[in-house]
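Peer 1: Using only what follows, build the 3D model:
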Amino acid sequence: MTLLIKGSTIAEHVVSKGVSHKLLLNRHETGDSRLEIKKYIVDSEAEIELNLENDSLSWFHALTEGIKIDSVTLDQQSLLVLKGNNKTVIQNSGFSTAEILLCTVPKVSRFLGEGEAIPFKTHSVDWSVEPVLLSEFDSRKRIYLASPGLWQGLSCVKGEMIIYPKGGTAPLHHHENAEHFQYIMEGTGTVTFENSEHIVEKGDILYFFENEVHAFENKDADEFVFAEFFVPGSYKTIWAKDANVCTWLPTGKDLRGRKAARHIEKHIAGEGTDI
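Peer 2: Numbering: from 1, shown residues only. Have a look, this model is predicted:
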């Protein structure tokens with residue numbers, strides 16, 4: 001059954017002086033306990049040391065400015081990916097409260113290929129220089145966040161940022177061989193699942209299991225934006241009969257209108273190569 005988690009209703013727990021967290025997604029609610037999501041809320045000048053569990057893969061996604069991870073600034077257009085069995089320190093160097101997501105795949109080795117190993121201890125991704133892709137059938141935009149090309153060959157996680165201007169839609173579809181979530185970054189949107197429409201807003205999480213049919217639409221907001229991640233990153237997408245299959249076109253530009261750092265060819269969602 002699809003999970004719709006209203007972020008504003010999740011209890012906040014103090015974990016150290018000036019630092020609290022919300023358990024947005026409990027791993028035991030996901031298939032095979034494959035994913036956990038926490039939001040850390042850090043007061044100005046506060047910090048916390050975390051011990052990342054063995055045989056895991058985690059990534060930090062800053063929701064505000066001011067965050068440092070191990071003294072390295074992490075802005076809102078970047079991710080920091082960490083191999084398990086690591087210690088790491090979250091700091092808030094800003095003047096106001098900061099927020100950051102920590103997403104963790106426990107026992108990640110089960111999603112790695114035979115003989116495959118995580119090739120880094122930490123790895124940063126600056127997605128502000130990544131190519132913006134434009135939907136062939138409407139004005140939605142996509143920017144990749146996690147892919148073999150971005151995560152040094154790893155395919156155990158796939159992720160993207162999807163931007164829906166007002167009127168943007170994604171038709172009914174489902175995925176095979178992976179589960180995935182959306183974290184709502186901006187605006188409000190309408191999601192259809194289990195034959196009903198639901199309203200989601202900034203801070204909410206959707207979690208879809210395999211074969212759960214869903215669709216999205218931005219009816220009212222100036223922009224509806226979510227970050228979406230699949231575990232594992234190799235999966236098949238099945239579209240509803242007669243739907244316009246989501247096909248993405250290169251623009252050659254990044255999010256700020258500059259020449260993108262690389263080129264990605266036209267492709268159907270979930271079927272591209274060299275991504």
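Peer 1: drop to CA atoms for contacts and neighbour counts, all remaining ones
Peer 2: OK.
Peer 1: Read off the pLDDT value for residue 172.
Peer 2: The confidence metric pLDDT takes the value 96 at residue 172.
Peer 1: Doesn't it belong to a strand?
Peer 2: Yes. The assignment for residue 172 (DSSP: H, G, I helix; E, B strand; the rest coil) places it in a strand.
Peer 1: what sits up against stretch 14-21?
Peer 2: Residues from elsewhere that reach stretch 14-21 (Cα atoms under 8 Å, 6 or more residues apart in numbering): 12-13, 38-44, 46-48.
Peer 1: Weed out the non-buried ones from those residues.
Peer 2: Neighbour counting over those (16 or more other Cα atoms under 10 Å) leaves 12, 38-44, 46-48 as the buried ones.
Peer 1: Farthest-apart pair in those, please.
Peer 2: For those, with distances taken as Cα to Cα, the pair at the greatest spread is 38 and 44 (19.1 Å).
Peer 1: still on that earlier bit, is it possible to get CSV of the buried ones among the contacts of stretch 14-21 that adds secondary structure?
Peer 2: Output for the buried ones among the contacts of stretch 14-21, formatted as CSV (three-state DSSP):
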residue, secondary structure
12, coil
38, strand
39, strand
40, strand
41, strand
42, strand
43, coil
44, coil
46, coil
47, strand
48, strand
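Peer 1: okay, those in CSV with distance to residue 83 and pLDDT next?
Peer 2: What follows is the buried ones among the contacts of stretch 14-21, written out as CSV (distance: Cα to Cα, whole Å; pLDDT from 0 to 100):
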residue, distance to residue 83, pLDDT
12, 26, 97
38, 17, 99
39, 19, 99
40, 19, 99
41, 22, 99
42, 23, 98
43, 26, 98
44, 27, 97
46, 24, 98
47, 21, 97
48, 18, 98
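Peer 1: from those, which is closest to residue 211?
Peer 2: The nearest one, if we look at the buried ones among the contacts of stretch 14-21 relative to residue 211 and count by Cα to Cα, is residue 38, at 25.4 Å.
Peer 1: How much space separates that closest one from residue 256?
Peer 2: For residue 38, the distance to residue 256 under the criterion Cα to Cα, to the nearest Å works out to 29 Å.
Peer 1: Could you do residue 242 as well?
Peer 2: Taking Cα to Cα as the measure, residue 242 falls 35 Å from residue 256.
Peer 1: What of residue 114?
Peer 2: Computed with Cα to Cα, the distance linking residue 114 and residue 256 is 39 Å.
Peer 1: The two: which has the busier surroundings?
Peer 2: Of the pair residue 114 and residue 256, residue 256 is the one with more neighbours under other Cα atoms under 10 Å, namely 11 against 8.
Peer 1: from memory the more buried one sits against residue 128, does it?
Peer 2: Yes. With contacts counted by Cα atoms under 8 Å, residue 256 reaches residue 128, the gap being 7.4 Å.
Peer 1: Pull the contacting residues for residue 12.
Peer 2: Contacts here follow Cα under 8 Å, 6+ apart; on that basis residue 12 touches 20-23.
Peer 1: Can you list which of the residues you listed are found in strands?
Peer 2: Cross-referencing the contacts of residue 12 against strands under DSSP state E gives 20-23.
Peer 1: Greatest separation within those residues: which pair is it?
Peer 2: With Cα to Cα as the measure, no two of the ones in strands among the contacts of residue 12 lie farther apart than 20 and 23, at 10.2 Å.
Peer 1: Residue 75: what's its closest spatial neighbour, skipping adjacent residues?
Peer 2: Closest residue to residue 75 apart from its sequence neighbours, by Cα to Cα, 6 or more residues apart in numbering: residue 65 at 5.7 Å.
Peer 1: And residue 245, by the same measure?
Peer 2: Take residue 245 and drop its neighbours on the chain: the residue closest to it by Cα to Cα, 6+ apart is residue 239, 6.5 Å away.
Peer 1: Could you tell me how many residues sit around the residue nearest to residue 187 when sequence neighbours are not counted?
Peer 2: Beyond its immediate neighbours in the sequence, the residue positioned closest to residue 187 (Cα to Cα, 6+ apart) is residue 224, lying 4.6 Å away. Using other Cα under 10 Å, residue 224 is surrounded by 28 other residues.
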